[in-house]
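Participant: A predicted structure for the sequence below; I have some questions about it.
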Amino acid sequence: MPRKRLLPLVLLGLVVVAGCPQRSSQRSIPTPSAAPGAPTEQLKTQLESLAESGATFPGYEGIGKNIEAVKADDPEKAAALEKDFEELKGSLGNPDQVKAKAKEMLGKL
């Protein structure tokens, strides 16, 4: 008789445990480099992030790739942006300089 009473409790416990959703402790954080759209729009999003935070983010190197893509439409603009990007990379230790250079680059878009 005790087995007959224990079996429904065990089954109920299994159903409850199996029905609980698993939670992940990791969150996905969107990066500006994953922004959809044309390279110019992606570049704008990336530079806005730099201008706001003054710190790099995962994938900030994608700025160079987007500048390369801008070359097809406007080689002069891309050349100026490349020069500025090199200067920006040289000032990565100083958030104020990064913000200023990113804002300057945004003005050229």
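Facilitator: Yep, that arrived. Quantities reported herein were computed from a predicted structural model and do not represent experimental measurements.
Participant: just so I have it, where are all the helices in the protein?
Facilitator: Assigned helices in the chain, in chain order: 2-19, 39-53, 62-70, 75-90, 95-108 (criterion: DSSP state H).
Participant: Could you export the ones you listed to CSV, including columns for mean neighbour count?
Facilitator: C-beta coordinates here come from the backbone N, C-alpha and C atoms, glycine included. Formatted as CSV, the helices of the chain follow (neighbours: other Cβ atoms under 10 Å):
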stretch, mean neighbour count
helix 2-19, 9
helix 39-53, 19
helix 62-70, 19
helix 75-90, 15
helix 95-108, 16
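Participant: ranking these by mean pLDDT, which is last?
Facilitator: Among the helices of the chain, helix 2-19 carries the lowest mean pLDDT, at a mean of 74.
Participant: so what does that helix touch, helix or strand wise?
Facilitator: Helices and strands touching helix 2-19, by 3 or more Cβ pairs under 8 Å, 6 or more residues apart in numbering; DSSP states H and E: there are none.
Participant: Output that helix in PDB with nothing but the alpha carbons.
Facilitator: What follows is helix 2-19, C-alpha atoms only, in PDB (Å, rounded to 0.1, in the frame of the first residue of the first chain):
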ATOM      1  CA  PRO A   2       2.800   2.600   0.700                       C
ATOM      2  CA  ARG A   3       4.100   2.100  -2.800                       C
ATOM      3  CA  LYS A   4       0.700   3.100  -4.300                       C
ATOM      4  CA  ARG A   5       0.700   6.300  -2.300                       C
ATOM      5  CA  LEU A   6       4.400   7.100  -3.100                       C
ATOM      6  CA  LEU A   7       4.100   6.600  -6.800                       C
ATOM      7  CA  PRO A   8       1.700   9.600  -7.500                       C
ATOM      8  CA  LEU A   9       4.000  11.800  -5.400                       C
ATOM      9  CA  VAL A  10       7.100  10.800  -7.300                       C
ATOM     10  CA  LEU A  11       5.300  11.300 -10.600                       C
ATOM     11  CA  LEU A  12       4.000  14.700  -9.500                       C
ATOM     12  CA  GLY A  13       7.600  15.700  -8.500                       C
ATOM     13  CA  LEU A  14       8.900  14.600 -11.900                       C
ATOM     14  CA  VAL A  15       6.200  16.600 -13.800                       C
ATOM     15  CA  VAL A  16       7.000  19.700 -11.700                       C
ATOM     16  CA  VAL A  17      10.800  19.400 -12.300                       C
ATOM     17  CA  ALA A  18      10.400  18.700 -16.000                       C
ATOM     18  CA  GLY A  19       8.100  21.600 -16.400                       C
END
